[in-house]
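Asks: next come a sequence and a model predicted from it.
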Amino acid sequence: MNTWTDRFAERMTHVRASEIRELLKLLDQPDILSFAGGIPDPQLFPADRIQAAYDDVLQHAGAQALQYSVSEGLPELRRWIAARMTADGVPCDEGNIVITAGSQQALDLIGKLFLARGDGVLAERPTYMGALGAFNAYEPTYGDLDADAPAGARLAYLVPDFANPSGRTMTRQEREAVLGRASTHDLVLIEDAAYRELRFAGTNEPSLLALDVARSGSIENARTLYCGTLSKTLSPALRLGWVCAPRPVIDKLVLLKQGCDLHVSTINQMVAARVVAEGYDAHLERLRSHYRERASAMQTALARHMPMGVTWSKPQGGMFVWLTVPEGLDGARLLEAALAEERVAFVPGAPFFAVEPQANTLRLSYSLLGPDDIDEGVRRLARVVEARLAHPCSNWARMARGGA
């Protein structure tokens, strides 16, 4: 018998392990200060309310909760999501919503629906590596959303609000420009809104889908597929996301879901519907206040400790800061040194690029550490960077001393 590798489908050659998933294993090592995992702070989970909801569901609706359900998702939860979308500038109803196993499954199903081998996907630089992982199995080609002519492109993927990994938020003008370009070149837009409800500074911008609906007159005429999630606000383990889109798209996604997992956990949907029914906006305010404090601590620490030549983003929401270190330094090698010398972790930036990786970048998440640990972790990381800049073999060090 040949090796198993010889029997795998050719498309598996495009599937790679997630560096982030591997780095999450570091969180189990207590001596490491980790900026790697962009995951919610567990102290923010409404655990008591979730527990009470499970008790209530099992006591009063146990037979339904433990049974199969419809592939579209629980009608009660879909109606709540449709009402939230409507309030956010997207008039729609439950027929425009399908519940998915987190927004990650939404990306996979969308890739399966729209992409064939060689089709073009336009993405930001940098972009969410989980989206690349979802699309890679369908063997697309990639282009730069901002620079490339969209020849052969079918989809454009972007995170307009507090992007993972950059922390960047698109301006209203940039959103309008993307919609105009998509219309000109007949692109489907995928709006990943995972962090949209975690704004803690600045002014709220309309979603791409809201702007699209305003232009086209109806969600049924829109070209934007909105991917939302409760993972960042309630709990990742509930595995609850959704797609809001025109009905023909929803109908096809439901068919794909029937061949994938039939439906998302019935009991988890019922529990979530109860938890969000009351007090959800107050819960969001608690999250925003928490992450505002952490983000401020990160900005203060970076300004205090990082050497000249290092720049970083200043997010108005979400969980991430994007660092650019001087040319000649490599994020992956910096991570090796940071772990070995200072016991601090982060995610190297290169895997976040669909094409032409920029190695002198890294992503820091401030979601898990308190202000004191953030300061200490940044101080340690700064020592690693400074040591490489001072090394006589460093190109940047030679430039800093006036060399060629």
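Replies: Structure's in. What do you need? These numbers come from a predicted model, not from an experiment.

Asks: quick one: the helices in the stretch 1-150 of the chain, in order.
Replies: For the stretch 1-150 of the chain, the helices defined by DSSP state H, counting those that start in this stretch cover 19-23, 47-65, 75-87, 102-114, 129-136.

Asks: can I get those in JSON lines with mean neighbour count, mean pLDDT and distance to residue 236?
Replies: To be clear about C-beta, it is placed using only N, CA and C from the backbone, and glycine gets the same treatment. Converted to JSON lines, those look like this (neighbours: other Cβ atoms under 10 Å; pLDDT from 0 to 100; distance: least, Cβ to Cβ, whole Å):
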{"stretch": "helix 19-23", "mean neighbour count": "16", "mean pLDDT": "60", "distance to residue 236": "13"}
{"stretch": "helix 47-65", "mean neighbour count": "14", "mean pLDDT": "97", "distance to residue 236": "12"}
{"stretch": "helix 75-87", "mean neighbour count": "18", "mean pLDDT": "98", "distance to residue 236": "17"}
{"stretch": "helix 102-114", "mean neighbour count": "22", "mean pLDDT": "97", "distance to residue 236": "7"}
{"stretch": "helix 129-136", "mean neighbour count": "22", "mean pLDDT": "95", "distance to residue 236": "13"}
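
Asks: ok, which of those comes nearest residue 223?
Replies: helix 102-114 (11.5 Å; Cβ to Cβ).

Asks: identify the residues contacting that closest one?
Replies: 100, 130-131, 134-135, 137-138, 140, 154-155, 157, 188, 190, 192, 194, 225, 227-229, 231, 236, 239-243, 249, 252-253, 256-257, 260-261 (Cβ atoms under 8 Å, 6 or more residues apart in numbering).

Asks: using CSV, list the CA coordinates for it.
Replies: The C-alpha coordinates for helix 102-114 follow below in CSV (Å, rounded to 0.1, in the frame of the first residue of the first chain):
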residue,chain,number,x,y,z
GLY,A,102,-18.8,30.4,13.9
SER,A,103,-17.9,32.8,11.2
GLN,A,104,-15.1,30.5,10.2
GLN,A,105,-17.6,28.0,8.8
ALA,A,106,-19.3,30.8,7.0
LEU,A,107,-16.0,31.6,5.2
ASP,A,108,-15.6,27.9,4.3
LEU,A,109,-19.1,27.6,2.9
ILE,A,110,-18.8,30.8,0.9
GLY,A,111,-15.5,29.6,-0.5
LYS,A,112,-17.2,26.3,-1.5
LEU,A,113,-20.1,28.1,-3.0
PHE,A,114,-18.2,30.6,-5.2
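
Asks: now it against helix 129-136, angle please.
Replies: 30 degrees (axes from the mean of the first three to the mean of the last three Cα atoms, to 10 degrees).

Asks: just put the helices of the stretch 1-150 of the chain in TSV and tack on distance to residue 123.
Replies: Shown next, in TSV, are the helices of the stretch 1-150 of the chain (distance: least, Cβ to Cβ, whole Å):
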stretch	distance to residue 123
helix 19-23	17
helix 47-65	34
helix 75-87	24
helix 102-114	12
helix 129-136	7
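
Asks: for this protein, longest helix please?
Replies: helix 280-305 (DSSP state H).

Asks: next structured bit after that helix?
Replies: The first helix or strand that comes after helix 280-305 along the chain, using DSSP states H and E, is strand 311-312.

Asks: for the next helix or strand after that next one, which residues meet the burial criterion?
Replies: Later in the chain than strand 311-312, the nearest helix or strand by DSSP H and E is strand 320-324. Neighbour-count burial for strand 320-324 flags 320-324 (criterion: 16 or more other Cβ atoms under 10 Å).

Asks: so where's the stretch 251-400 of the chain shaky on pLDDT?
Replies: Along the stretch 251-400 of the chain, the parts satisfying pLDDT under 70 run over 392-400.

Asks: can you pull out the helices in the stretch 151-300 of the chain?
Replies: Ranges of helices in the stretch 151-300 of the chain, per DSSP H, counting those that start in this stretch, are 172-185, 208-216, 247-258, 266-277, 280-305.

Asks: alpha carbons of the shortest one, as CSV, please.
Replies: In CSV, the C-alpha atoms belonging to helix 208-216 read as follows (Å, rounded to 0.1, in the frame of the first residue of the first chain):
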residue,chain,number,x,y,z
LEU,A,208,-20.2,47.6,4.0
LEU,A,209,-23.5,45.8,3.7
ALA,A,210,-25.4,48.9,5.0
LEU,A,211,-23.7,51.1,2.4
ASP,A,212,-24.3,48.5,-0.2
VAL,A,213,-28.0,48.3,0.6
ALA,A,214,-28.3,52.1,0.6
ARG,A,215,-26.8,52.1,-2.9
SER,A,216,-28.7,49.2,-4.3
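
Asks: touching stretch 307-319 from outside, list them.
Replies: 38, 40, 161-164, 166-169, 195, 198-202, 232, 288, 291, 295, 299, 302, 306, 320-326, 364-367, 382, 385-386, 389, 396, 400.
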